[in-house]
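Q: my questions are about this predicted structure, shown below with the sequence.
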Amino acid sequence: MDKVKTPIILVSTAKDIILTFLVCVFILCLVNINGSKENQSRLFWDFSGDNIKTSSPEPKQEKQIVRKFKWRYPKETKRETVFRIPETALKSEIKKFGVPHGQSHPFFLKKRGFKLLGKRTFMKDHIPQEQYTSIVDYQQIFQRNQENFKELTRCLIASADLSREKDPLHAFLSFVQYIRYKLPPRYYKGKFINSFFVPLVCLYEKYGDCDSKALLMAEFLCSVPGAGEKAVIVLVRGRGLAHALLAVKRKLLPGMTTLFDIKKGYYIILETSKPGWAPGFISRRVTDAIKAGFFYLVALN
């Protein structure tokens with residue numbers, strides 16, 4: 001009986017061996033496939049001594065817009081400053097400021113960078129009409145742009161060869177004065193902007209008027225690390241003048257035109273519209289208008 005059963009046992013064992021072999025081949029194939037997929041998605045490896053660390057691929061760099069400016073200190077050689085404006089920040093500022101056509105309601109003005117000063121009611125064709133008086137909300141625009149100007153200010157400091165101990169006031173004022181003076185359009189990118197460029201657009205377009213350049217100057221001065229600069233916009237309205245200047249809280253020197261605040265002290269006035277004006281010195285016509293009280297102050301910080 002044992003001799004009869006032996007061949008049957010041998011045949012069964014051979015089948016088991018063949019099946020086992022096929023199963024092993026199948027498993028090896030699956031491992032190779034999964035291994036190849038893992039290699040395709042594997043992170044880059046950095047070998048440092050005995051430690052193995054993984055590092056993610058470098059993130060895609062944000063697109064930047066390059067703008068070059070040539071300027072100089074009074075009676076010194078020319079300098080060049082190169083700014084790289086983040087495209088997303090520029091687009092954001094263009095989007096946030098300005099009122100689209102047909103949206104003149106006070107609600108839209110407040111949301112789009114303007115500040116209401118008052119309103120008056122008058123009759124037209126026996127129908128009551130309302131007219132609102134507004135100005136650019138300089139404080140709102142200034143404060144939201146301080147973060148944008150940290151790196152831009154570093155570029156200006158480097159191009160001016162300023163040490164940490166040196167006061168940047170004279171250099172920054174000269175730079176802003178050399179930006180071309182030109183009145184912005186009333187409408188920009190399809191929106192009413194009241195002929196004012198926000199600071200990033202002023203750099204992007206490489207020109208601006210008095211209040212556009214005054215606010216730009218404030219952004220630079222107040223974003224210097226550790227400076228603690230205090231600044232106000234001075235709007236001169238009267239005696240045929242419609243002008244804007246910047247004033248900063250500084251120690252006055254003889255001959256300077258200054259403003260005095262009973263709570264904050266003295267401010268010296270900065271003329272940003274064109275080259276040649278030193279800190280604290282402005283035209284006689286503007287000085288007379290300020291002395292006569294034809295001005296309005298907008299605190300920035």
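A: Okay, I see it. Numbering: from 1, shown residues only.

Q: please name the nearest non-neighbouring residue to residue 297.
A: residue 232 (5.0 Å; CB to CB, 6 or more residues apart in numbering). Where C-beta positions appear, they are placed from N, C-alpha and C, glycine not excepted.

Q: so how far is residue 198 from the one you found?
A: Relative to residue 198, residue 232 is positioned 18 Å away (CB to CB, to the nearest Å).

Q: pull the number of nearby residues for residue 259.
A: 19 (other CB atoms under 10 Å).

Q: so what's it up against?
A: Going by CB atoms under 8 Å, 6 or more residues apart in numbering, residue 259 touches 232, 234, 247, 266, 267, 269, 290, 297.

Q: ok, and the most crowded of those residues?
A: Taking other CB under 10 Å as the neighbour criterion, residue 247 ranks highest of the contacts of residue 259 with 26 neighbours.

Q: beta partners for it?
A: Beta bridges link residue 247 to residue 232, residue 269, judged by DSSP bridges.

Q: I'd say it and residue 235 touch.
A: No: counting by CB atoms under 8 Å, residue 247 stays clear of residue 235, with 10.9 Å between them.

Q: common neighbours of these two, please.
A: By CB under 8 Å, 6+ apart, the residues touching both residue 247 and residue 235 are residue 297.

Q: list the contacts for residue 214?
A: Taking CB under 8 Å, 6+ apart as the test, what residue 214 contacts is 233, 234, 244, 245, 246, 270, 272.

Q: ok, those residues vs residue 210, which is closest?
A: Residue 210 lies nearest to residue 244 out of those, by CB to CB, at 4.3 Å.

Q: now do residue 237, the pLDDT please.
A: Residue 237 carries a pLDDT score of 93 in this model.

Q: tell me the pLDDT of the nearest residue to it once chain neighbours are set aside.
A: Of all residues not flanking residue 237 in the chain, residue 294 sits nearest, at 5.9 Å (CB to CB, 6+ apart). Model confidence at residue 294, given as pLDDT, is 94.

Q: tell me the bridge partners for residue 180.
A: residue 207.

Q: wait, it sits on residue 203?
A: No: taking contacts as CB under 8 Å, residue 180 lies outside contact range of residue 203: 11.8 Å.

Q: which of the two has more neighbours?
A: Higher neighbour count among residue 180 and residue 203: residue 203, with 22 against 11, using other CB under 10 Å.

Q: need the contact partners of the helix or strand containing the more buried one.
A: In the assignment (DSSP states H and E), residue 203 maps to helix 199-205. With contact meaning CB under 8 Å, 6+ apart, helix 199-205 is reached by 65, 67, 83, 85, 89-90, 93-94, 141, 145, 148-149, 152, 179, 184, 188, 197, 208, 212-213, 215-216, 219.

Q: cutoff 7 Å now
A: 65, 67, 83, 85, 89-90, 93-94, 145, 148, 197, 208, 212-213, 215-216, 219 (CB atoms under 7 Å, 6 or more residues apart in numbering).

Q: now stretch 218-234
A: 138, 142, 145-146, 149-150, 153, 156, 168-169, 172, 199, 211, 214-215, 244-249, 264, 267, 269, 295, 297-301.

Q: can we see that at 8 Å?
A: Contacts of stretch 218-234 (CB under 8 Å, 6+ apart): 138, 142, 145-146, 148-150, 152-153, 156-157, 168-169, 172, 175-176, 199, 211, 214-215, 244-249, 259, 264, 267, 269, 290, 295-301.

Q: ok so, going back, and the residue nearest to residue 237, its phi and psi?
A: Main-chain torsions, residue 294, degrees, to the nearest 10: phi -90, psi 60.

Q: just checking, it touches residue 238?
A: Yes: if you go by CB under 8 Å, residue 294 and residue 238 touch, sitting 2.8 Å apart.

Q: quick one, which of the two is more surrounded?
A: A count of neighbours by other CB under 10 Å puts residue 294 above the other of residue 294 and residue 238, at 17 against 14.

Q: out of the contacts of residue 214, which is most surrounded?
A: Each of the contacts of residue 214 was scored for neighbours by other CB under 10 Å, and residue 270 scores highest at 29 neighbours.

Q: residues in contact with that residue?
A: Contacts for residue 270 (CB under 8 Å, 6+ apart) come out as 173, 214, 217, 245, 246, 247, 248, 277, 279, 280.

Q: name the nearest residue to it, ignoring sequence neighbours.
A: In space, and not counting its chain neighbours, residue 270 is closest to residue 246: 4.6 Å by CB to CB, 6+ apart.
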